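A.B. asks: requesting a structural model of the entry that follows:
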Amino acid sequence: MATDVREFLGDLDSGTVESVLGKVLSAVAAATIDHDGKGKVVLALEFKRIAKSSNQVLCGHKISYTHQTTKGDLSENVSGETAMFVAKGGDMFVLQQDLLKKEQGQMFPFKDVPV
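C.D. replies: Below is the predicted model of the structure:
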């Protein structure tokens, strides 16, 4: 299997990265048309293991963009970090998958559900 990119982007910073990326793509595209110029959007991801005994990574994410304006250009960076679980094969999830698969998708057996 491979990491589901749509789900992964939606999980980063609780959906903020996906939302910001959509707005940035639209702004850069519009400015490119409006000012007959160029634009650039970069999504950079950096991974760091949280602890030696952990199957989690800290995913640093940074969106950088530049586009032309009437009198020059505009650039901005938006960054953050999100902890992700890494399953066998490298698939990444915001929630630990082996807990979700117990008891037909429930985290706890019905008799052990906290009240």
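A.B. asks: any buried residues in whichever helix or strand residue 26 is part of, and which?
C.D. replies: With secondary structure defined by DSSP states H and E, residue 26 is part of helix 16-34. Across helix 16-34, burial judged by 16 or more other CB atoms under 10 Å covers 17-18, 20-21, 24, 27-28, 31. All C-beta atoms are positioned from the backbone trio N, CA, C, and that covers glycine.
A.B. asks: alpha carbons only: can I get that helix in CSV?
C.D. replies: Taking C-alpha atoms only, helix 16-34 is exported to CSV below (Å, rounded to 0.1, in the frame of the first residue of the first chain):
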residue,chain,number,x,y,z
THR,A,16,-5.2,23.7,7.6
VAL,A,17,-2.5,22.8,5.1
GLU,A,18,-5.0,21.5,2.6
SER,A,19,-7.1,24.7,2.9
VAL,A,20,-4.1,27.0,2.7
LEU,A,21,-2.6,25.1,-0.3
GLY,A,22,-5.9,25.5,-2.2
LYS,A,23,-6.1,29.2,-1.5
VAL,A,24,-2.5,29.7,-2.4
LEU,A,25,-2.8,27.8,-5.7
SER,A,26,-5.8,30.0,-6.7
ALA,A,27,-4.1,33.2,-5.7
VAL,A,28,-0.9,32.4,-7.6
ALA,A,29,-2.8,31.3,-10.7
ALA,A,30,-5.0,34.4,-10.6
ALA,A,31,-2.0,36.7,-10.2
THR,A,32,-0.2,35.0,-13.0
ILE,A,33,-3.1,35.8,-15.4
ASP,A,34,-3.7,39.3,-14.0
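A.B. asks: thinking again about what came up before, tell me the one of the buried residues of helix 16-34 nearest residue 53?
C.D. replies: Checking those against residue 53 with CB to CB, the nearest one is residue 17 at 27.8 Å.
A.B. asks: contact partners for the closest one?
C.D. replies: Counting by CB atoms under 8 Å, 6 or more residues apart in numbering, residue 17 touches 9, 61, 63, 80, 82.
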